[in-house]
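In: no FASTA, just this:
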């Protein structure tokens, strides 16, 4: 079955680009700082970026001294990456995450920012990452938090009579599987997995969990960006740092 390539849809692509260019987005304020805080010193390392998108992370890894391979299913994303985030030590490849077994390892780090939720066969991906990593190598990734990815319809929030959010709703959390939502366009497919599925699969396939992060705003950020108070009800993101056993 063909994998959904929603990022090559022009409407989705342009809308997503505007979102990521917003300096006050949750991605910029919380996910990216938390992600880079989990990384080791990359000087001299081989790095594989899964779902590299516009290549922003690849450019950072390259500046940190790594040799980088960035893969993405989206031709439009990779065109932008090659124009805007090219460097001699970066190679971009049009490839699905499910096909990374064809790459030549080993890598010191496999990294992925907000792309894992588009993969149906999570265990298969974890197995492939494990095989591509050298002993002691790191797998660092972020994804939609399971309390966010679980929804399969309905309202995400309970509000008072004035429209103020009182608390976040939870629905179908315990059922792993495909979810479809309207996000810029209709019928965007993602895959929900419980916290235990995400973590236990990594452990079962030979990884040691070193750190889990669920970023929320600081007091200073709330003063500057009060709209981000939603994250005090529930985090948008979950980040994991796992190490391949020696």
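Out: Structure's in. What do you need? From a predicted model like this one, the values you see are computed outputs, not experimental measurements.

In: low-confidence ranges in the chain?
Out: 1-13, 15-16, 19-20, 182-187 (pLDDT under 70).

In: Mind jotting down where the helices sit in it?
Out: Secondary structure of the chain (DSSP state H): helices at 10-20, 26, 32-37, 56-63, 75-84, 122-132, 146-149, 195-204, 219-224.

In: so which of these comes closest to residue 181?
Out: Nearest of the helices of the chain to residue 181, taken as CB to CB: helix 146-149 at 9.6 Å. C-betas here are computed from N, CA, C, even on glycine.

In: Which strands and helices lie in contact with the closest one?
Out: strand 185-192 (3 or more CB pairs under 8 Å, 6 or more residues apart in numbering; DSSP states H and E).

In: What are the contacting residues of the biggest strand by length in the chain?
Out: In terms of residue count, the longest strand belonging to the chain (DSSP state E) is strand 133-144. The contact list for strand 133-144 (CB atoms under 8 Å, 6 or more residues apart in numbering) reads 31, 34-35, 38-40, 50, 105-117, 126, 129-130, 149, 190, 198, 202, 207, 236-246.

In: May I see the buried residues of it?
Out: Residues of strand 133-144 classed as buried: 133, 137-144 (neighbour count, 16 or more other CB atoms under 10 Å).

In: For residue 92, which residues are in contact?
Out: Residues in contact with residue 92 (CB under 8 Å, 6+ apart) are 52, 55, 58, 69-72, 78, 81-82.

In: what's the closest of those to residue 180?
Out: Out of the contacts of residue 92, the member with the shortest distance to residue 180 (by CB to CB) is residue 72, at 21.5 Å.

In: quick one: that closest one and residue 78 touch, right?
Out: Yes: taking contacts as CB atoms under 8 Å, residue 72 lies within contact range of residue 78: 5.4 Å.

In: got the angle for the longest strand of the chain vs helix 122-132?
Out: If you take axes from the mean of the first three to the mean of the last three CA atoms, to 10 degrees, strand 133-144 sits at 150 degrees to helix 122-132.

In: about what we covered before: can you tell me which of the contacts of residue 92 are buried?
Out: 52, 55, 58, 69-72, 78, 81.

In: could you dump these to CSV with distance to residue 21?
Out: Formatted as CSV, the buried ones among the contacts of residue 92 follow (distance: CB to CB, whole Å):
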residue, distance to residue 21
52, 17
55, 14
58, 17
69, 25
70, 19
71, 23
72, 18
78, 18
81, 15
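
In: mind listing what the residue nearest to the spatial centre of the chain touches?
Out: Centroid-nearest residue in the chain: residue 114, 1.5 Å away (criterion: CA atoms, centre = their mean). Neighbouring residues of residue 114 by CB under 8 Å, 6+ apart: 27, 31, 51, 142-144, 237.

In: Is it possible to get TSV of the residues you listed that adds distance to residue 65?
Out: Converted to TSV, those look like this (distance: CB to CB, whole Å):
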residue	distance to residue 65
27	25
31	23
51	22
142	22
143	27
144	30
237	27
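
In: Taking those together, which two end up most distant?
Out: Maximum pairwise distance in these, criterion CB to CB, is 14.5 Å, between 51 and 237.
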